[in-house]
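*Asks:* the following block contains a protein sequence and its predicted model.
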Amino acid sequence: MNELGYERLRTRTGEFSFDKENRIIRFEIHDGAVQTLADAKENVAALRQFSKGTPYAFLCDLTRCKATDLDARTYYGADEGRLAYRALALVGGRPVGRMIGNVFLTVYGNRDKPMRLFAEEQEAIQWLKGLTG
């Protein structure tokens, strides 16, 4: 168990964990996952539960994601999804993950929360640490 009260929290499409050293909540999407609106709602609710309602820096690894449908992307980008984190780093090491991340950032990236897409996880962690001190 960590300071948030959970070691890990699993949803249908991925798993949340807390990186204590960097004070980042991580979400790793399961291999081949296709995210729907129901999954987006489950994941946002799980993030809020996992963080006990406190927005943390959030790293989402899209590398193994197969697809995220339009309704799910819209939900993640709306206030409901955006209120669940302080800053968002998307990691997309494969072309599909990078495509999903780029589409999301094109539509939702220039708002009130810092967001960025990275090819490498370590770069994403350094960026988040720089934002959160």
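*Replies:* On my side now, so go ahead. Residues are numbered from 1 along each chain as shown.

*Asks:* gap between T132 and Y76?
*Replies:* Computed with C-beta to C-beta, to the nearest Å, the distance linking T132 and Y76 is 20 Å. C-betas here are computed from N, CA, C, even on glycine.

*Asks:* quick one: mean pLDDT for stretch 115-133?
*Replies:* Mean per-residue pLDDT for stretch 115-133: 89.

*Asks:* now stretch 63-78
*Replies:* The pLDDT scores in stretch 63-78 average 90.

*Asks:* and that stretch, what's buried?
*Replies:* Using 16 or more other C-beta atoms under 10 Å as the burial criterion, the residues of stretch 63-78 that qualify are T63, R64, C65, K66, T68, A72, R73, Y75, Y76, G77.

*Asks:* what about it, how long is it end to end?
*Replies:* Between the opening and closing residues of stretch 63-78 we find a distance of 23 Å, counting by C-alpha to C-alpha, to the nearest Å.

*Asks:* hey, where'd the strands end up in this structure?
*Replies:* For the chain, the strands defined by DSSP state E cover 8-10, 14-19, 24-29, 34-35, 56-61, 67-68, 85-91, 115-118.

*Asks:* distance to V103 added to the ones you listed, as JSON lines?
*Replies:* Listed next are those as JSON lines, based on distance: least, C-beta to C-beta, whole Å:
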{"stretch": "strand 8-10", "distance to V103": "26"}
{"stretch": "strand 14-19", "distance to V103": "18"}
{"stretch": "strand 24-29", "distance to V103": "15"}
{"stretch": "strand 34-35", "distance to V103": "13"}
{"stretch": "strand 56-61", "distance to V103": "14"}
{"stretch": "strand 67-68", "distance to V103": "8"}
{"stretch": "strand 85-91", "distance to V103": "11"}
{"stretch": "strand 115-118", "distance to V103": "10"}
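
*Asks:* please determine how far the closest residue to E42 other than its chain neighbours is located from E123.
*Replies:* Among residues not flanking E42 along the chain, T11 sits closest, at 5.1 Å (C-beta to C-beta, 6 or more residues apart in numbering). As for T11, its distance to E123 is 26 Å (criterion: C-beta to C-beta).

*Asks:* many thanks, we can stop here.
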